[in-house]
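1. Next come a sequence and a model predicted from it.
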Amino acid sequence: MKTCTKKFFAFILAGLTVLPVFVACGNGAAEGPSVNPDAETVAIQSEEDPKIEAVDYDGYEFTFLTNEGTAYNTGYIVAEEEEESDPLPVAITKRNQIIEEKYNVVITQLNTSDILSTARAQIMSGSTDFDVILASCNRLATMAQENLLYDLKSVPQFDLSKSYWDQNANKELLIGDKLYFTNCALNIHTIGFVVFFNKKIVSDYGLTSPYELIENNEWTVDNWAKMVKSVSKDMDGDGRMTEWDQYGTLSERHNPRMFLYAFGIRATTNNEDGYPEVTLMADKDKTVTAYEKLKAVFSDNTVCYDMTNSTVDPHGFTHKWNYLRSLFMQDLYMFHYTGEGSVQQFADMESEFGIVPFPKYDSNQKEFKTMYQFQCNLFALPSVVEDLDRTGRIIEDMNYYSSLITVPTWFDTLLARRYTRDEESRKYLYILRDNCVYDVGMYYNFGNIRSEVLDVDIATNEISRNFARHEKAIKASIEKTYSNFKNN
């Protein structure tokens with residue numbers, strides 16, 4: 001049997017003398033020291049160590065199925081190239097080497113242009129070329145409904161109480177007593193969307209910084225709206241507002257939903273039995289009022305540039321979204337809402353930018369929240385598992401070492417120190433990573449609650465009327481989905 005190499009033992013023994021690092025997944029994590037992936041040691045939390053014995057798997061190729069060409073990074077499984085200027089590939093390689101040497105496996109990544117069709121065809125055939133799936137929430141929800149995913153709670157080696165498994169996801173993604181997909185340290189991008197703002201525009205218009213508003217508990221939807229409506233300028237003097245003019249905010253069709261979740265308004269909420277109950281209109285007055293406040297901003301094309309409906313030429317960028325983000329960098333938009341991974345695009349921005357949470361509904365709201373977008377990746381296993389013991393061992397260990405090596409390298413070294421430009425941004429990123437909201441209602445799209453009630457053109461819709469038209473279908477969809485899972 002091939003056991004741990006001398007290098008691996010040195011890693012473990014040396015690590016025991018180092019202070020612990022706090023991981024980026026799960027609740028209650030705090031900021032810890034960054035990890036240098038080039039060093040011979042990394043910090044080890046002995047209480048988190050799953051202490052799984054090494055097994056020789058005779059060079060087996062342990063494969064992750066991922067979707068190529070997506071807007072969300074899946075390049076943290078296998079590092080194709082290592083550059084001295086980018087410590088993340090080095091960290092990925094170091095983590096993989098530990099696992100590969102311990103278990104005598106080779107970690108590989110299978111990219112496909114259609115992950116749903118690939119997973120469906122192989123799983124239904126009874127044999128797969130992959131061991132793990134990293135796919136968007138909505139695709140995983142489809143796979144779960146087609147009985148293509150394994151219940152993660154049934155994997156003996158998985159200790160889902162450990163902090164390298166996201167505790168919010170484990171709770172909020174249950175269907176009954178089953179957990180078909182979740183978030184974990186393998187997935188280094190564990191924050192929902194954040195708010196980027198251009199400091200120069202805030203200063204040019206004499207506005208109060210969002211940082212100051214947060215410190216005074218005044219970062220609310222009303223004060224955000226006042227800021228947005230203060231910024232509007234025909235930059236080229238042609239008498240019409242185009243993408244080349246200055247606006248208070250960029251917007252995408254799903255942005256109002258991101259605000260609603262930040263306000264504590266959810267499409268569904270799991271009850272104690274893991275049954276999703278419709279809660280979008282639980283406080284109807286609040287939901288309607290919040291929606292109308294957002295509509296007053298996002299439907300005003302003098303202060304808001306609509307990215308979704310825009311027909312602009314991408315000017316050589318891979319997508320119009322990337323082109324319009326480049327205009328944010330040129331001081332044309334004050335606010336932009338996107339995932340934390342997009343911060344890399346702003347690395348060369350001349351003006352200063354800041355990162356804050358979405359505003360609260362009002363000053364009585366206690367916490368900032370951020371929703372995990374349905375196109376972002378989560379972790380799952382296929383229902384056909386060739387060797388459950390092997391998969392369980394490797395994933396639990398790989399998750400653990402991800403929490404020690406790749407997550408701190410991304411979050412502490414790159415995101416919080418290299419890409420952000422001030423202490424305030426770092427502070428709010430650390431807060432948000434423990435306040436991520438997951439909602440099966442969004443991912444399963446029960447009765448089209450996402451696609452036809454929330455992610456619609458806010459300028460031409462009323463949320464109460466829209467919900468009323470779909471309410472019966474939403475509840476019927478939940479009942480049918482839950483019943484199907486219960487009978488599987």
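-> That came in fine, so what should we check first? Numbering: from 1, shown residues only.

2. residues near residue 276, how many?
-> 27 (other Cβ atoms under 10 Å). (Glycine included, C-beta is placed from N, CA and C.)

3. Residue 307 versus the closest residue to it other than its chain neighbours, what's the distance?
-> Once flanking residues are discounted, residue 276 sits nearest to residue 268: 4.0 Å by Cβ to Cβ, 6 or more residues apart in numbering. Distance from residue 268 to residue 307, counting by Cβ to Cβ, to the nearest Å: 27 Å.

4. again with residue 359
-> For residue 359, the distance to residue 307 - Cβ to Cβ - is 20 Å.

5. the more surrounded of the two?
-> Neighbours were counted for residue 359 and for residue 307 using other Cβ under 10 Å; residue 359 has more, 24 against 20.

6. as a whole number, average confidence for stretch 67-81?
-> Averaging pLDDT along stretch 67-81 gives 74.

7. ends of it, how far apart?
-> Taking Cα to Cα, to the nearest Å, the first and last residues of stretch 67-81 lie 19 Å apart.

8. Mind splitting the chain into its structural domains?
-> With automatic domain parsing as the criterion, the domains of the chain are listed as 6-190+375-432, 193-371+445-487.

9. Do me a favour and get the end-to-end distance for the last one?
-> The reference is to domain 193-371+445-487. End-to-end for domain 193-371+445-487, by Cα to Cα: 35 Å.

10. now that domain, how far from the centre of its chain.
-> In this view, domain 193-371+445-487 has its centroid 15 Å away from the chain centroid, taken as Cα atoms, centre = their mean, to the nearest Å.

11. helix or strand for residue 58, which one?
-> For residue 58, there is no host helix or strand (DSSP states H and E).

12. Skip the chain neighbours and tell me the closest residue to it.
-> In space, residue 58 is closest to residue 104, 6.2 Å off (Cβ to Cβ, 6+ apart).

13. what about that neighbour, how many residues close to it?
-> Count around residue 104 with other Cβ under 10 Å applied: 17.

14. was I right about it contacting residue 61?
-> No. Using Cβ atoms under 8 Å, residue 104 is not in contact with residue 61; the gap is 11.4 Å.

15. returning to what we had before: among the domains of the chain, show the one with the smallest mean pLDDT.
-> Among the domains of the chain, domain 6-190+375-432 scores lowest, with a mean of 84.

16. just to revisit the earlier point, can you tell which of the domains of the chain is closest to residue 438?
-> domain 6-190+375-432 (4.1 Å; Cβ to Cβ).

17. wait, what's in contact with the residue nearest to residue 58?
-> 2, 56-60 (Cβ atoms under 8 Å, 6 or more residues apart in numbering).

18. JSON lines for these, including neighbour count?
-> Listed next are those as JSON lines, based on neighbours: other Cβ atoms under 10 Å:
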{"residue": "2", "neighbour count": "15"}
{"residue": "56", "neighbour count": "13"}
{"residue": "57", "neighbour count": "20"}
{"residue": "58", "neighbour count": "10"}
{"residue": "59", "neighbour count": "11"}
{"residue": "60", "neighbour count": "16"}
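
19. With distance to residue 413 as new columns, can the residues you listed be given to me in a markdown table?
-> Formatted as a markdown table, the contacts of residue 104 follow (distance: Cβ to Cβ, whole Å):
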| residue | distance to residue 413 |
| --- | --- |
| 2 | 32 |
| 56 | 33 |
| 57 | 31 |
| 58 | 35 |
| 59 | 32 |
| 60 | 32 |
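
20. Moving C-terminal from the helix or strand that contains residue 394, which element do we reach first?
-> Element membership of residue 394, judged by DSSP H and E, is helix 388-404. Going down the chain from helix 388-404, the next helix or strand is helix 406-408, by DSSP H and E.

21. Centre of the chain to that next one, how far?
-> 15 Å.

22. same thing with stretch 179-190?
-> For stretch 179-190, the distance to the chain centre is 9 Å (Cα atoms, centre = their mean).

23. Using CSV, list the CA coordinates for it.
-> Output of stretch 179-190 as CSV, limited to C-alpha atoms (Å, rounded to 0.1, in the frame of the first residue of the first chain):
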residue,chain,number,x,y,z
LEU,A,179,-29.2,17.1,1.1
TYR,A,180,-28.4,16.7,-2.7
PHE,A,181,-26.1,19.6,-3.1
THR,A,182,-24.3,22.1,-0.8
ASN,A,183,-21.4,24.6,-0.6
CYS,A,184,-18.0,23.8,0.9
ALA,A,185,-14.4,24.8,0.9
LEU,A,186,-13.8,23.1,-2.5
ASN,A,187,-15.7,26.0,-3.9
ILE,A,188,-13.6,29.0,-3.1
HIS,A,189,-16.2,31.6,-4.2
THR,A,190,-18.6,31.3,-1.3
